[in-house]
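[1] kindly return the folded structure for what I paste below:
(one chain, ligands or ions: 1)
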Amino acid sequence: MGEALDLLSEHGSEAMIMAGGTDLLIEKPSGIGCLVDISSLPLDYIENDETGLRIGALTTLEGIRNHGLLNGPLKVLAEAARNFGHKNVRNLATVGGNLCSSVPSADLAPPFIVLDAEVKISCPDGVRTVAMDEFFVDVRKNILRDTELLTEIRVPHQPPRTGTAFAKIGRTSVDIALVNAAVRVTLGDDGTFSEVRIALGSVAPTPLRVVETESLLIGKDLDAVLIDEAAEAATGEIRPISDVRSSAGYRREAGKVLVKRCITIALERASEG
Ligand SMILES: Cc1cc2nc3c(=O)[nH]c(=O)nc-3n(C[C@H](O)[C@H](O)[C@H](O)COP(=O)(O)OP(=O)(O)OC[C@H]3O[C@@H](n4cnc5c(N)ncnc54)[C@H](O)[C@@H]3O)c2cc1C
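    Numbering: from 1, shown residues only. Predicted coordinates for the structure are as follows:
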């Protein structure tokens, strides 16, 4: 790790980190003087400790797809991995690379946002930790400096009676998302929504948490009309664009459908838990 950080400090903005290379080698950004290949660092792990789950940045998508610790509310991560590319891509693509590519469609971003995850970042003078929903800045931009490396994602233990869900619409089931969404709901003792997180991808310059929509649900009884209202409200918070993959109007409608679907599934799972 020290050697990688030294190389980043030495080469500055000319250096680029390479993990699985499934984004970088296709993008081939210009102006790069050297690649810092981190693929052999010991950052491929999924472990539990007293604070929650720790996922190393080099864990592959195939690695999280069927991992035994990703159950209960954490199954939203496995669900996203099961809807992600083909096996040959998943064998190379890493969790850290997916987040650091910072494209609006990154499939792991909404699940980590709704789980209140944090990223651990190694810098020349130590380590810093940043909330997942503060990591993304703009299309392909995040808060990492040239000299920094994302090393781990930390997911806190989830409260009892919590359910989650992920859903995605793509051109085919393994294509990148036209829209994706993840939801986490926690039910209180009185059966109302006590905590809600809703995040969508491909509907704004960054993966987006729709906080006003979440607040519509807090403290309310569960009912189908309320879920419809929340899904409609989410369309007012997103800022989709039209591009080669989809029109803005389609993304808006699809976002509404996915939010409704994810709230409904997450609720069922929370009620079972
Ligand atoms: C055919 C195909 C299908 C795909 N399908 C999907 C899909 O369904 N869903 C989806 O979300 N994506 C998909 N992708 C995109 C890509 O596979 C993912 O984003 C993948 O997770 C990137 O990880 P990587 O390890 O290959 O990253 P790399 O290509 O190695 O790196 C990507 C970026 O992140 C930076 N980086 C990597 N690791 C770190 C780190 N630890 N610290 C700091 N910076 C870092 C690199 O410098 C680079 O800018 C697909 C790509 C292909 C080619």
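
[2] CA-only coordinates of stretch 190-210 in PDB, if you can.
    Below are the C-alpha coordinates for stretch 190-210, written out as PDB (Å, rounded to 0.1, in the frame of the first residue of the first chain):
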ATOM      1  CA  ASP A 190     -45.800   0.800  16.100                       C
ATOM      2  CA  GLY A 191     -45.500  -0.600  12.500                       C
ATOM      3  CA  THR A 192     -44.800   2.800  10.900                       C
ATOM      4  CA  PHE A 193     -41.800   3.700   8.800                       C
ATOM      5  CA  SER A 194     -39.100   4.700  11.300                       C
ATOM      6  CA  GLU A 195     -36.200   5.000   8.800                       C
ATOM      7  CA  VAL A 196     -36.200   5.300   5.000                       C
ATOM      8  CA  ARG A 197     -33.400   5.700   2.500                       C
ATOM      9  CA  ILE A 198     -34.100   5.900  -1.300                       C
ATOM     10  CA  ALA A 199     -31.300   6.400  -3.800                       C
ATOM     11  CA  LEU A 200     -31.300   6.300  -7.600                       C
ATOM     12  CA  GLY A 201     -28.700   6.100 -10.300                       C
ATOM     13  CA  SER A 202     -28.600   7.500 -13.900                       C
ATOM     14  CA  VAL A 203     -31.100  10.200 -13.100                       C
ATOM     15  CA  ALA A 204     -28.700  13.100 -12.200                       C
ATOM     16  CA  PRO A 205     -24.900  13.900 -12.500                       C
ATOM     17  CA  THR A 206     -24.200  11.700  -9.500                       C
ATOM     18  CA  PRO A 207     -26.000   8.800  -7.800                       C
ATOM     19  CA  LEU A 208     -28.800  10.600  -5.800                       C
ATOM     20  CA  ARG A 209     -30.500  10.200  -2.500                       C
ATOM     21  CA  VAL A 210     -34.100  11.700  -2.600                       C
END
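
[3] for it, buried residues please.
    Neighbour counts over stretch 190-210 (16 or more other Cβ atoms under 10 Å) mark 193-210 as buried. Any C-beta I mention is one placed from the backbone N, CA and C, and that applies to glycine too.

[4] chain center to it, what's the gap?
    Relative to the centre of its chain, stretch 190-210 is centred 12 Å away, using Cα atoms, centre = their mean, to the nearest Å.

[5] for whichever residue of the stretch 51-200 of the chain sits closest to the ligand, give me its contacts.
    Across the stretch 51-200 of the chain, the shortest distance to the ligand (Cβ to the nearest ligand atom) belongs to Gly97, at 2.2 Å. The neighbours of Gly97, taking Cβ atoms under 8 Å, 6 or more residues apart in numbering as the test, are 19-20, 22-24, 57.

[6] so for the top strand by length along the chain, mean pLDDT?
    Longest strand in the chain by number of residues (criterion: DSSP state E): strand 177-187. Mean pLDDT, strand 177-187: 97.
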